[in-house]
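Engineer: sequence and predicted model, in that order:
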Amino acid sequence: MSKLDEISTWLRHRLPDLLIESGVPGAAVAVCAGDETIDVAVGTLSTATGVEATPDSLFQIGSITKVLTATLVMQLVEEGRLDLDAPVRACLPEFRIADERAAERITVRQLLCHVAGFEGDIFTDTGKGDDCVEKYLDVLHEVPQLFEPGEMFSYNNAGYCVLGRIVEVLRGKPFDVCMRTHLFTPLGLTHAANDPYEAIVHRTAVGHVERTPGGPLEPTPVWALARSNAPAGSMLAMRPRDLL
């Protein structure tokens, strides 16, 4: 028996108990070693429907999306179309925050590394249209600068939305189209969804909340956060094997 076989056996035995202990309705796990991958799923995707979780089920991956957004950015660097150490305004002249001096200096690399220094927890919904990431830039005009660019680390969701807009401008396509064209398709990802419209054709999990302490877990009333934050991780869902 290979090590992965042992892991698969352990997961099938242990994962159901871990879900009970943690109060999680359903989960899927994949492990890769070399060219071999194993995946296991247990529980349900929604307590309202009782649909069983399978290894092909889609779960939202949250901020792991930032790894894919960064990859889209680095593809442009590799193609010679983007300079990591150039100011963001070289690509996005309209980029503005409350501190004009900082806005002029912030670089693409600083956005990637979460050291740009402006407030990053901005989750304003700018609609569901293909222009939602573009509109999101207008939301940042009054966002404060917390420290000098490059001075320290501060996790920045908004910065990754700006990176998503850079990808859109240089590719001339909406962010989710760039994701599918430049990552999903060449990587052969068959179980990945940029939004609820793509996710609904798959077996897809919903989030759950405990409305009262110790009460039953119920599906959340909203499947995802705003599309304007997609480059930061508000939308993307995948099966574990595709994520690996």
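Structural biologist: Looks like it arrived, so ask away. Numbers count the residues shown, from 1 in each chain.
Engineer: which ones are touching Ala103?
Structural biologist: 88-89, 95-97 (C-beta atoms under 8 Å, 6 or more residues apart in numbering). To be clear about C-beta, it is placed using only N, CA and C from the backbone, and glycine gets the same treatment.
Engineer: go with 6 Å
Structural biologist: If a contact means C-beta atoms under 6 Å, 6 or more residues apart in numbering, then Ala103 has 96-97 as its contacts.
Engineer: wasn't it part of a strand?
Structural biologist: No. Read with DSSP: H, G, I helix; E, B strand; the rest coil, Ala103 is helix and lies in no strand.
Engineer: let me know the pLDDT of it.
Structural biologist: Listed pLDDT for Ala103 reads 98.
Engineer: and for Ser2?
Structural biologist: The model's pLDDT for Ser2 equals 83.
Engineer: that one: what's it in contact with?
Structural biologist: Contacts of Ser2 (C-beta under 6 Å, 6+ apart): none.
Engineer: what do you get for Ala48?
Structural biologist: Under the criterion of C-beta under 6 Å, 6+ apart, the neighbours of Ala48 are Pro219.
Engineer: where's it, which helix or strand?
Structural biologist: Take DSSP states H and E as the rule and Ala48 turns out to sit in neither a helix nor a strand.
Engineer: okay, it: pLDDT?
Structural biologist: pLDDT at Ala48 comes out at 95.
Engineer: and if you look at Pro55?
Structural biologist: In this model, Pro55 carries a pLDDT of 97.
Engineer: can I get the CA coordinates of stretch 120-130 in CSV?
Structural biologist: The C-alpha coordinates for stretch 120-130 follow below in CSV (Å, rounded to 0.1, in the frame of the first residue of the first chain):
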residue,chain,number,x,y,z
GLY,A,120,-7.8,46.9,2.4
ASP,A,121,-11.1,45.7,3.9
ILE,A,122,-13.4,47.3,1.3
PHE,A,123,-16.2,45.1,0.2
THR,A,124,-18.6,47.5,-1.6
ASP,A,125,-20.9,45.9,-4.1
THR,A,126,-20.7,47.7,-7.4
GLY,A,127,-23.1,45.4,-9.2
LYS,A,128,-23.1,42.2,-11.2
GLY,A,129,-22.0,43.6,-14.6
ASP,A,130,-18.7,43.0,-16.4
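Engineer: can you list contacts of it?
Structural biologist: 132, 135-136, 139, 156-159, 174, 226-229.
Engineer: recalculate using a threshold of 10 Å.
Structural biologist: By C-beta atoms under 10 Å, 6 or more residues apart in numbering, the surrounding residues in contact with stretch 120-130 are 111, 114, 132-140, 143, 146, 154-161, 168, 173-177, 195-197, 225-229, 232, 234.
Engineer: just the buried residues of the residues you listed.
Structural biologist: Among the contacts of stretch 120-130, those classed as buried by 16 or more other C-beta atoms under 10 Å are 111, 114, 132-134, 136-137, 139-140, 143, 146, 154, 156-161, 168, 173-176, 195, 225-229, 232, 234.
Engineer: in helices only, show me those.
Structural biologist: Counting by DSSP state H, the buried ones among the contacts of stretch 120-130 place 111, 132-134, 136-137, 139, 157-161, 168, 175-176 in helices.
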